[in-house]
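Student: please work out how this folds:
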Amino acid sequence: MHYKVANVSKVVIQEFAKVKWLKVNTVLLLTSVLSFVSPAIKADTQFRVIVDASGSMLISDPDRLTSEALRLISNLAPEEEATLGVWLFGEVPRVLLPEAPINKDTKAKLENYLNSYVTEDVQTDLEAIITTLLNTPDTGDLDAGFNRHWILVTDGMVDVSLDDAVNQASRHRLLNELTEKLVEKDIHLHTISMTGYTDEDLLEDLSVKTDATHTEVAVPEDLLDTFDRIFAQASPSDEIPFDGNTFFVDSAIDELTLVVFHENGIQPQIVKPNGQTLSLVNNNSTSVAASEHYTLISVLRPDDGEWQVNNVDLERSSIRVITHLSAQATVIAPVLFQDEPIFSTVGLFEKDTLIEDNDILNLLTVKQTLVRFNGEKQETISTHEMAKAKSQFKKRIPGISEPGHYALISLVDGKTFARQLSQHFTVHPGILFEGVNSGGNLLTFTAKPESLRLNMLRSNVQIEVVYGNGEKETKLMSLLGEGYWESTLSVNTNTKATVRARLVGVTQTGLRFDYWTPYWNYVREGDQIPVLSKGTEAPVAEAAEIADAMDEELMPSIAPADLSIVNELNSTAPSTENLVEAEDIVEEESEALSTQEWAMYLALNFIGILVLGGGIFLYLVMKKNRKLKRDDVENV
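Tutor: The predicted model follows:
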């Protein structure tokens, strides 16, 4: 197995080692020419962190773990590949760290600022800080189509005035005008509640509508895990799994980064395959970023073999790698609806080319584990193996019925190597079902979409009323132009009933799912106004039975798309059914250069040499002119 996988890279190397030296020479020359005008590495992710600076944060975060979480995200991001800016908000917004590419200078500035900022504001004007950041231009060398991830940490609510009407008006603008602007700019606003006194509904709504996560941390220590998960969602990477307190490094791994969490004051111990302890100091091959509760250790060209880790919390730790032998999976939306199924596909890639050799694929096993997060703890929900379908592995995962934060962990076991993918997402209801007394004996129920992922024109909502005598009444709710469904019930005297709604939902990608809302209860005694109250969740088993019995005419008949992780480039890649004989094929092909190809490559080489020579000549002339000018100045 190891020989065959290694041969994939070997074939590529030999392809360029034969007669194709001319092509390589051409590429090198053109690369040298273009290096004069080629842009530097551009950042592909923007991180803006908004920190509550009210005085109550001294109580909510007495050990200033918010500062440590900010260090963590700056250490996780590869240098120059992301930007970071930090703002404080309270009575007025203010900048703590001006936005800039993450590098050694930025980290040094952040460290200095984190040790000096104070939290003593009386009010929390969330509207002002969001408005400020929306109007703040992007800075740093950001790539076209970069991802925007903003993180809000707070322990309060909208508090700009002693007049509650003023606070509610500000809250309304946040949920409407400002949320629309966030969505328009494709900004993912992750929100973190430090206490149970925050406006949970507001923060959760802001996150769900911007395809981001909302987390309520039970203790400040959970901040580190939350920031780690946000980064993993914003910038996913290949991982290798732990096997107990050990992990195996294969020859295809170019770099690994250990992200380990531990108790304050405890130093992790890393044992290399040769039995020697890794020195946790910065040098040419090792980079270490240590904090009180975590340590990041990056190793270039790590030794092959079994490594060992001691003195860390293994459940919270991870090993991220840079490798040319990687696993890739279909993207999971950041926010999934309750009961929305997941169609997952996993493939093994060599330098971004899908491996299709059955001799290799038949030796692979791909296992997936669905876990739910609760602070620092993880709960395993289910585990299953994926079925091989052609050159990939596929699985339909039933919809998740309980809201929360989850990760789908895919483990590709190749016997002599292993790769792991962790895909983080939030599960949330597709609609918010609410009822109000609308006058007299009338009750009005509304079903409002919670995310733009729901295709309202292809979805429908049915309201179900179950009376005290067991009778049941169902009808479709009306879709209004305001963008939600509505239904009004006329309540007879001396009546009690339970009401809920069933969403037959269709996502923007055409995936269909069913979701039952929690119950509402109402009672009307005599001619009195009906009394309305919230009930409980719909039992999962009962909901499934009713869904099976429902009239299929109510369900949009839409087949899910044939999901695949292979893009158009990979789908046209040549087959590698026999890697052992691939060397001979490459050697034969490399000798077949046509006359036109020889002429083209020779011409490109000649042009490249001329351009380089001209550039050198121009540089020497400019250098001579500058020297003459300096001599003239000195002679004056």
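
Student: in stretch 268-277, what's buried?
Tutor: Within stretch 268-277, the residues that qualify as buried are Pro268, Ile270, Val271, Lys272, counting by 16 or more other CB atoms under 10 Å. Bear in mind the C-beta positions are built from the backbone N, C-alpha and C, glycine included.

Student: kindly export that stretch (C-alpha atoms) in PDB.
Tutor: What follows is stretch 268-277 as a C-alpha-only set of coordinates in PDB (Å, rounded to 0.1, in the frame of the first residue of the first chain):
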ATOM      1  CA  PRO A 268       3.200  19.300  26.900                       C
ATOM      2  CA  GLN A 269       5.700  16.600  26.100                       C
ATOM      3  CA  ILE A 270       6.200  15.500  22.400                       C
ATOM      4  CA  VAL A 271       8.200  12.300  21.800                       C
ATOM      5  CA  LYS A 272       9.600  11.700  18.300                       C
ATOM      6  CA  PRO A 273       9.700   8.300  16.600                       C
ATOM      7  CA  ASN A 274      13.400   7.900  17.600                       C
ATOM      8  CA  GLY A 275      12.400   8.200  21.200                       C
ATOM      9  CA  GLN A 276      13.800  11.700  21.700                       C
ATOM     10  CA  THR A 277      11.700  14.400  23.200                       C
END
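
Student: what average pLDDT does it get?
Tutor: For stretch 268-277, the per-residue pLDDT values average out at 97.

Student: how about stretch 59-71?
Tutor: Averaged across stretch 59-71, pLDDT comes to 89.

Student: quick one, what contacts the nearest residue to Phe242 once chain neighbours are set aside?
Tutor: The spatially closest residue to Phe242, leaving aside those adjacent along the chain, is Leu314, at 5.6 Å (CB to CB, 6 or more residues apart in numbering). Contacts for Leu314 (CB atoms under 8 Å, 6 or more residues apart in numbering) come out as Phe242, Gly244, Asn245.

Student: with Leu152 instead?
Tutor: Ile50, Leu126, Leu189, His190, Thr191, Ile192, Leu203, Leu206.

Student: who does the helix or strand containing Val504 pair up with?
Tutor: Element membership of Val504, judged by DSSP states H and E, is strand 495-506. Strand 495-506 has these partner strands in its sheet, going by DSSP bridges: strand 460-467 (antiparallel), strand 512-516 (antiparallel), strand 520-524 (antiparallel).

Student: give the buried residues for stretch 481-490.
Tutor: Neighbour-count burial for stretch 481-490, with 16+ other CB under 10 Å as criterion, is recorded at Tyr484, Trp485, Glu486, Ser487, Leu489.

Student: which of those sits closest to Ile400?
Tutor: The shortest gap between Ile400 and any of the buried residues of stretch 481-490 belongs to Trp485, at 23.3 Å (CB to CB).

Student: so that closest one touches Leu457, yeah?
Tutor: No. Trp485 lies out of contact with Leu457 (CB atoms under 8 Å); the separation is 11.9 Å.

Student: joint contacts of those two?
Tutor: The contact lists of Trp485 and Leu457 share Leu479, where a contact means CB under 8 Å, 6+ apart.

Student: before we move on, the earlier item: show only the entries of the contacts of Leu152 found in strands.
Tutor: When the contacts of Leu152 are checked against strands using DSSP state E, the ones located there are Ile50, Leu189, His190, Thr191, Ile192.

Student: average model confidence for stretch 392-412?
Tutor: Over the span of stretch 392-412, the pLDDT mean works out to 96.

Student: what does stretch 129-144 give?
Tutor: Per-residue pLDDT values over stretch 129-144 give a mean of 91.

Student: that stretch: end-to-end distance?
Tutor: This stretch, stretch 129-144, spans 25 Å end to end (CA to CA, to the nearest Å).

Student: give the buried residues for it.
Tutor: Within stretch 129-144, the residues scored as buried using 16+ other CB under 10 Å are Ile129, Ile130, Thr131, Thr132, Leu133, Gly140, Leu142.

Student: now do it: distance to the chain's middle.
Tutor: Its chain's C-alpha centre lies 20 Å from the corresponding centre of stretch 129-144 when counted by CA atoms, centre = their mean, to the nearest Å.

Student: if we take the buried residues of stretch 481-490, which one ends up nearest to Leu361?
Tutor: Trp485 (46.5 Å).

Student: how close does the closest one get to Leu175?
Tutor: When distances are taken as CB to CB, to the nearest Å, Trp485 and Leu175 turn out to be 19 Å apart.

Student: then Leu442?
Tutor: Relative to Leu175, Leu442 is positioned 27 Å away (criterion: CB to CB).

Student: on that earlier part again, which helix or strand contains the residue nearest to Phe242?
Tutor: Assigned by DSSP H and E, Leu314 belongs to strand 313-323.

Student: what of Glu473?
Tutor: Counting by DSSP H and E, the secondary-structure element that holds Glu473 is strand 472-476.

Student: what of Thr226?
Tutor: Taking DSSP H and E as the definition, one finds Thr226 inside helix 222-234.

Student: done for today, thanks.
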